[in-house]
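Colleague: Build me a structure from this.
(one chain, ligands or ions: 1)
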Amino acid sequence: MSQSSFASAKVNSVSFKPGPSSRTLRPAFSREISPESSTISRNGAQRPISSAASSHALGAKRTFASVFPNVFPEPAKRSNLGSGSPKINELHSANVGQTDSHSDLISKSAEELEKLLNYSQERSRQVALSIQNYSPHEEDIFILTAIETLYKDRIRELKKAIAFKTSSDAFPIPSAALLSSYDASSSTWHVPASSRNSPENESIFSSTVCVQPLRPPLHTASNAQYRAALRRVFQINAFRQDQLEAVAETMAGRDTFVLMPTGGGKSLCYQLPAVLQSERTNGAAVTVVVSPLVALIHDQVNALVARGVDAVGLTEGTDTKSVEKRLRGESKPALLYVTPEKVHKSSHLHTVLCSLYHLGNLARFVIDEAHCISTWGSDFRIAYRELHTLRDDFPDVPIMALTATATPQNTRDIIGRLRLKNPAVFRQSLNRANIKYVVKPKRNDINDVVQLIMADHKMESGIIYRTGRSSCQELAKILRKRGIPAQHYHAGLSPANKCAVYADWNSGKCRIIVATVSFGLGIDKSDVRFVIHYDLPKSLENYHQETGRAGRDGLPARCILYYSFRDLKTILDLAPSGKISSAEPSIDHRKNVWNVVQYCEDQISCRRVLLLRYFGEKFDKKDCSGCSNCSSEGFLVSRDLSTEAHLAVSLVQSFDEDPYEDLTVQQCIAVFRGAATQDTRKNGRNNNPRYGAGNGMSQDLAELLFNRLLYKGVLMEYKVSRNKGHHYYLQLGQHAKEFLSENGTFNLTFHPTTIKSGQMTKASVILSTPCFLVQHVEERFSFTIYESSPEPEESEFDFPDLTRVDYDEPNELGHSTHQILLPPRSTDVFRRVIMSYM
Ligand SMILES: Nc1ncnc2c1ncn2[C@@H]1O[C@H](COP(=O)(O)OP(=O)(O)OP(=O)(O)O)[C@@H](O)[C@H]1O
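Modeller: This next block holds a predicted model:
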């Protein structure tokens, strides 16, 4: 376009206002420009500029400080960071460099700035980690948070300074025509969008500190048009629940939050708008998708490219230059996938995004797996938390956040952290009706898993989750030895290995993957028939995400969690990074793990009710399509083990009082059951008066007893770190004293199908669904009905011939109970039923 036609193109123009003087067109870094002077062209020649334009556009005296107001913050701004604290000031000047400003940046070269940026990012990461792991003293947390904020300021300023420095050498001078399009009376620029895309002007608008950006154009369409596009691009005939609405909202430029269950079809909510907007702008509009994993990015990009959608990923392995070239070219990719770390660290990417932004070509930001932003969840990623900079730096660009796992608290947290403005929120039920949730007791024997696979899932695909890398390797090896095609997967594998394992599993060559949690995000294999957790998941969010990988084709699938209370300590020792840490677990981590323990300990409530209640959903157990508590696996036996429990606790007490004895749970159980081994003879342990006190009990039942005593805090384990490993020994817990002195009763409830109890002295027994328990009381049977729902449903007591005599006695897990006496004439019938379960 010629300069004259450019200047006259006001009618169809897009208006944009210059911001404060600091955000107006800027000169080369070290130059000062007087408002009435001429400006300097790229080749050094001077050319005149209009006085009106220059005075508004260039401002009075242009210095580094005027360009970066945040570099020289006002003192008041710092005060809320606790600058009054001498400790903070001291730490700040030692670690961050400047007490009150970032003025030191002026004198640094771009290279030095890069180094400082890396240093600051690493420090910021460490501080954030310490906050995560810190056992809090309020003051320390306050100081750490203040330091973290200072680092974040520093990182932002460093990024700006780097972008400024790296582009300042070849800083483009705006043409006279461009400058004359400034309307001083309204402080508004009138520049047609097409002119902004001209090569001459692009670099001007791409600079980080520039005129106000063009607003990304809106491209709404009718529902019929969206449906047509769905068929044309994805060969899908109908939208699923919430998809169309989410597409329409984001196309209208609104921030959007989408919560759909795993496999619900979240990707389509942003992929369809991305394709449409790209088509309508002739390839100018780019949707930027932030996704947590490189492997996931590759999968998504490959799947889109296979459908003919122009998508690229900007990750470690990609040719950054060619991606940047495409983003600066005329026909840009419709979708750009990046990791949050890339957004956080790459000043190159930042510059490219600025360029797109100022040209009005940023269609939207998409934050996939948005639960990683929330510190409440245990999938929390530090780089995710920094994503609010997208809103800070590109305020007009709509954001869409998607997740399959978020409690109401998580949702609020995500919306707040991303600074979404009045978002359209779509929350679906997280219930996965085709998944059967099972919790089984975990024994020391991996045979259980082998038998389960051989019996129920022999030819089917599945995932087994374990916490440690070596335990994944071991279990996969055992399965292979037993003729089950299995491979292991964890973060320690090389990228090539990971790809190969994933490809084998995806194609069905290897049916089972034994993996740490690093496996699974974004997996779209439809026929996963089972997911086994052989170790405790870190949180119920994790559990829901990980089990969500089963049955994506809608056909029945099973998720089995092997539970032992003693796994709690192993999970608590895991740092957020997934590595064993000697630091105290954070409060959030403890809370998350404890929620999982409570979920497992509850053998009565519908598992689906428990899980969905955690995510803030009400679910009627009548609608449960299967869980281990609602189905026949829910038969429970109750035994009064008060005597055995007291003997067990006093055994632990005697070792606790002996300064030379440290016994693990298994060693204690062996002494308790009177095992005749070398270990039980050591130090005369077999002479202890409690030796053999539990000799009538099976190993299973004794383990259950000790686990329940640990759960109740009557016993506890303490950790000793030795030879690079952690060892756990038993001692009395905080509730031991009252337990021993009050001589309280101790009933143990368990599944007779999974726990062998050994000698049955006092008859106990059964029950079925909905859970009710029958106890043998002298000549009669009495039923205790355990109610998991807050309001008992009368219909459940509608058994003819039964007399309800007593109710609302809370059981050991706090459920209300109802006792029912069985009339003598029914006793025989029930006795037979009962005996068949013993
Ligand atoms: N409207 C639809 N009709 C039919 N299939 C659909 C529809 N929407 C999405 N799908 C398909 O459903 C599958 C799951 O979609 P997608 O991967 O987007 O799920 P997701 O919600 O992102 O799951 P996850 O949280 O596990 O990543 C894909 O194979 C996708 O092609």
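Colleague: where does the stretch 301-450 of the chain come near the ligand, residue by residue?
Modeller: Contact residues, the stretch 301-450 of the chain versus the ligand (Cβ under 6 Å from any ligand atom): residue 404. C-betas here are computed from N, CA, C, even on glycine.
Colleague: do the chain as well
Modeller: 236, 238-240, 243, 260, 262-268, 404, 522, 524, 548.
Colleague: Of the residues you listed, which belong to helices?
Modeller: The members of the residues of the chain next to the ligand that map onto helices under DSSP state H are 243, 266, 267, 268.
Colleague: and of those, the nearest to residue 726?
Modeller: residue 266 (39.4 Å; Cβ to Cβ).
Colleague: residues in contact with that closest one?
Modeller: 258, 260, 368, 402, 403, 404 (Cβ atoms under 8 Å, 6 or more residues apart in numbering).
Colleague: Surely the fifth one touches residue 370?
Modeller: Yes - counting by Cβ atoms under 8 Å, residue 370 is a contact partner of residue 403 at 4.4 Å.
Colleague: Pull up the overlap in contacts between these two.
Modeller: Here residue 403 and residue 370 have residue 414 as joint contacts, going by Cβ under 8 Å, 6+ apart.
Colleague: So for the two, which sits in the more crowded spot?
Modeller: Higher neighbour count among residue 403 and residue 370: residue 370, with 31 against 26, using other Cβ atoms under 10 Å.
Colleague: I figured that one hits residue 399, correct?
Modeller: No - taking contacts as Cβ under 8 Å, residue 370 lies outside contact range of residue 399: 9.6 Å.
Colleague: and for these two, which residues touch both?
Modeller: Common neighbours of residue 370 and residue 399, using Cβ under 8 Å, 6+ apart, are residue 418.
Colleague: Nearest residue to residue 259 in space, ignoring adjacent ones along the chain?
Modeller: residue 427 (4.6 Å; Cβ to Cβ, 6 or more residues apart in numbering).
Colleague: And the one you found, how close does it get to the ligand?
Modeller: 13 Å (Cβ to the nearest ligand atom, to the nearest Å).
Colleague: That residue is in contact with residue 411, isn't it?
Modeller: Yes - contact status for residue 427 versus residue 411: in contact at 7.3 Å, counting by Cβ under 8 Å.
Colleague: Could I get the pLDDT score of residue 79?
Modeller: With respect to pLDDT, residue 79 scores 34.
Colleague: Over to residue 764?
Modeller: 34.
Colleague: And for residue 794?
Modeller: pLDDT at residue 794 comes out at 38.
Colleague: Which helix or which strand is home to residue 400?
Modeller: Following DSSP states H and E, one finds residue 400 within strand 399-403.
Colleague: List of residues touching the helix or strand that that strand is followed by?
Modeller: Once the chain leaves strand 399-403, the next helix or strand it forms, by DSSP H and E, is helix 408-417. With contact meaning Cβ under 8 Å, 6+ apart, helix 408-417 is reached by 257, 259, 370-371, 373-377, 385, 387-388, 401, 403, 406, 423, 425, 427, 541, 615-616.
Colleague: List the buried residues in helix 408-417.
Modeller: 410, 411, 413, 414, 415, 417 (16 or more other Cβ atoms under 10 Å).
Colleague: before we move on, what about stretch 387-401?
Modeller: Buried, per 16+ other Cβ under 10 Å, within stretch 387-401: 387, 388, 389, 390, 391, 393, 394, 397, 398, 399, 400, 401.
Colleague: and if you look at stretch 546-564?
Modeller: In stretch 546-564, counting by 16+ other Cβ under 10 Å, buried: 546-552, 557-564.
Colleague: And stretch 658-675, by the same measure?
Modeller: Buried residues in stretch 658-675 (16+ other Cβ under 10 Å): 662, 663, 665, 667, 668, 669, 670, 671, 672, 673, 675.
Colleague: Kindly report the same for stretch 462-473.
Modeller: Quick answer for stretch 462-473 (16+ other Cβ under 10 Å): 462, 463, 464, 465, 466, 467, 468, 469, 471, 472, 473.
Colleague: Let me see the confidence value for the last one.
Modeller: For residue 473, the pLDDT comes out at 94.
Colleague: ok, now the second one?
Modeller: Per-residue confidence for residue 463 comes out at a pLDDT of 96.
Colleague: for the helix or strand encompassing it, packing partners?
Modeller: Using DSSP H and E, residue 463 sits in strand 461-465. Secondary-structure packing of strand 461-465 (3 or more Cβ pairs under 8 Å, 6 or more residues apart in numbering; DSSP states H and E): strand 512-515, strand 528-533.
Colleague: Can you pull out the low-pLDDT segments for the stretch 1-150 of the chain?
Modeller: 1-103, 106-107, 131-143 (pLDDT under 70).
Colleague: if we go to 80?
Modeller: 1-110, 124-150 (pLDDT under 80).
Colleague: Look up the closest residue to residue 515, ignoring the ones flanking it.
Modeller: Once flanking residues are discounted, residue 515 sits nearest to residue 489: 4.1 Å by Cβ to Cβ, 6+ apart.
Colleague: what residues are up against the one you found?
Modeller: 472, 498, 501, 502, 513, 514, 515, 516, 518, 519.
Colleague: try 7 Å
Modeller: The contact partners of residue 489, by Cβ atoms under 7 Å, 6 or more residues apart in numbering, come to 472, 498, 501, 513, 515, 519.
Colleague: for residue 426, same thing?
Modeller: 242, 245, 246, 257, 258, 259.
Colleague: Compile those into CSV and extend it with columns for distance to residue 115.
Modeller: Below are these laid out as CSV (distance: Cβ to Cβ, whole Å):
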residue, distance to residue 115
242, 47
245, 48
246, 43
257, 38
258, 40
259, 41
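Colleague: are any of the residues you listed buried, and which?
Modeller: Burial by neighbour count, 16+ other Cβ under 10 Å: within the contacts of residue 426 this picks out 242, 245, 246, 257, 258, 259.
Colleague: so which of those comes closest to residue 309?
Modeller: residue 246 (18.2 Å).
Colleague: From the ligand, how far out is that closest one?
Modeller: Counting by Cβ to the nearest ligand atom - residue 246 and the ligand are separated by 11 Å.
Colleague: in which helix or strand would I find that residue?
Modeller: Taking DSSP H and E as the criterion, residue 246 maps to helix 243-251.
Colleague: ok, residue 484 touching residue 514?
Modeller: No - using Cβ atoms under 7 Å, residue 484 makes no contact with residue 514, being 10.2 Å away.
Colleague: list the contacts for residue 363?
Modeller: Going by Cβ under 7 Å, 6+ apart, residue 363 touches 216, 274, 277, 285, 286, 287.
Colleague: quick one, phi psi at the fifth one?
Modeller: The main-chain torsion angles of residue 286 are listed as degrees, to the nearest 10 and equal phi -120, psi 130.
Colleague: And it, how close does it get to residue 327?
Modeller: Distance of residue 286 to residue 327, computed by Cβ to Cβ, to the nearest Å: 7 Å.
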